[in-house]
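*Asks:* pasting the sequence and the predicted model now:
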Amino acid sequence: CIRDRCNLCPRRCNAPRGAQSGAGRCRMGTQPVVARAARHLWEEPCLSGTRGSGTVFFSGCAMGCAFCQNARISREAFGVRLSERELCELFERVEALGVHNLNLVSPTHFAPAILRALQMRRMRIPVVWNSSGYERVEVVRACRGWVDVFLPDFKFYDSQTARQVAQAPDYFPVALQAIRAMREQSGAAVYDAEGMLVSGTLVRHLVLPLRVEETRHILSAVAQLPPTPVSLMRQYTPMNGVSIRGLERRLTAREYARAREWMLQLGLEGYEQGAQAATDAFTPDFEDEESRLLLEGLGTPV
C-alpha cells in the first residue's frame, strides 16, 4: 500500500511519504517513530496480568480524534525514529522485561516496517495489534502469522459523530469490516493457565456522553460476530479543549449503566471499567525512566 504514495489506511490519502516525513493524515514518514516503550499495568486483566503488558506507543495517527488522550504523540512528531533493525531490538528489550505480551499501540500507519521488524526475530510472547479499528482488510491479512491478538477500538456508529470527532464519516462500516476480518483471522479467544489472552480478538468500546444510543448499535454489531469478548470503557475525559456538543463533559453513571445493561442483554462477555478511570491521571507518562532506558542507544530523537 506504500510505494511513492500512501494508501495504507482507509483514508487512502494518496499522499507522498518519505522515510522521515509525510503529507498524509498521520503526518508521519515510513520509518517508525516510537514515543514510549514500557511495562503497562492498566490494560484489561487478560493483557496486563501480574507482570504488565509490554506497550510500544507509536507517534502519529490516521484518526486524529478531537478528544484524544494521547494527543502529544498522535498530533506531534514526538519520540525516537528507529530503523527496522532497531525496532526489532526494541521489541526484544521489551520482551526481556518479563511482560505477558508485546502491545503495539497505534501501529497502522507504520504497518510495513513493524511487520518486517517482527519477521527479523520471532517473539516468544503474544503480539497485540492495538488499533483504532479503522483499518483496511489488507493490513489485517498482512498480520497473519505475526500478530496473535487484535485489540481494536470500535468507536463510532453515527456518521455525523465520526465526522465531527475524526473526519471519518465512513468509520462504522469500515471498522466493522476490519473487525470481522480480525475475528475470522484470529479465531476464538484463547487464554493460558494464568487467564492471559494468547490469541483472539478483544473489542474495545469507549462509551461517549450524549451518544449512548450509538453504543447499543455497536454492541449489537459485535453480537452478530462469532463469540468475541468486549471491553466496555468509561474513561472518557474531555481533553484538548473539545467543544463538540456533549463531549465537553464526562460520562454519567447512568449513561454507563445503560450501556452495561445492553451488553448484558446481548450476552456479550468481557470487561467493565471503574469510574476512577475517567481522569487524565490514566494518560501515560511519555518520558518515564523505564521508557528512556529501553530506548537508550536506539534511533534518533525527533
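*Replies:* That came through, no problem.
*Asks:* for residue 25, what are phi and psi?
*Replies:* When read as degrees, to the nearest 10, the backbone of residue 25 gives phi -60, psi -40.
*Asks:* ok, now residue 165?
*Replies:* Torsion angles, degrees, to the nearest 10, at residue 165: phi -80, psi -40.
*Asks:* same thing with residue 92?
*Replies:* Dihedral angles of residue 92 (phi, psi; degrees, to the nearest 10) stand at phi -60, psi -40.
*Asks:* right, and it touches residue 121 too?
*Replies:* Yes. Using C-beta atoms under 8 Å, residue 92 is in contact with residue 121, at 6.3 Å. C-beta: built from backbone N, CA, C; applies to glycine.
*Asks:* what helix or strand is residue 103 on?
*Replies:* Element membership for residue 103, per DSSP states H and E: strand 102-105.
*Asks:* other SSEs contacting that strand?
*Replies:* Counting contacts by 3 or more C-beta pairs under 8 Å, 6 or more residues apart in numbering; DSSP states H and E, strand 102-105 is packed against strand 53-58, helix 84-95, strand 127-131.
*Asks:* same list (these) but as TSV, adding mean neighbour count and mean pLDDT.
*Replies:* Output for those, formatted as TSV (neighbours: other C-beta atoms under 10 Å; pLDDT from 0 to 100):
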stretch	mean neighbour count	mean pLDDT
strand 53-58	27	97
helix 84-95	19	98
strand 127-131	25	98
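*Asks:* redo the ones you listed as a markdown table? Include distance to residue 233.
*Replies:* Listed next are the helices and strands packed on strand 102-105 as a markdown table, based on distance: least, C-beta to C-beta, whole Å:
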| stretch | distance to residue 233 |
| --- | --- |
| strand 53-58 | 16 |
| helix 84-95 | 24 |
| strand 127-131 | 13 |
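*Asks:* for residue 74, find the nearest of those.
*Replies:* strand 53-58 (9.4 Å; C-beta to C-beta).
*Asks:* ok so, going back, quick check: buried residues in the strand holding residue 103?
*Replies:* Within strand 102-105, the residues that count as buried by 16 or more other C-beta atoms under 10 Å are 102, 103, 104, 105.
*Asks:* now the next helix-or-strand element following that strand against strand 53-58, angle please.
*Replies:* Counting by DSSP H and E, the next helix or strand C-terminal to strand 102-105 is helix 111-120. Helix 111-120 and strand 53-58 are oriented at 140 degrees to each other (axes from the mean of the first three to the mean of the last three C-alpha atoms, to 10 degrees).
*Asks:* I'd like to know which elements helix 111-120 is packed against.
*Replies:* helix 84-95, helix 137-142.
*Asks:* tabulate these (JSON lines), appending distance to residue 195.
*Replies:* Below are those laid out as JSON lines (distance: least, C-beta to C-beta, whole Å):
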{"stretch": "helix 84-95", "distance to residue 195": "20"}
{"stretch": "helix 137-142", "distance to residue 195": "26"}
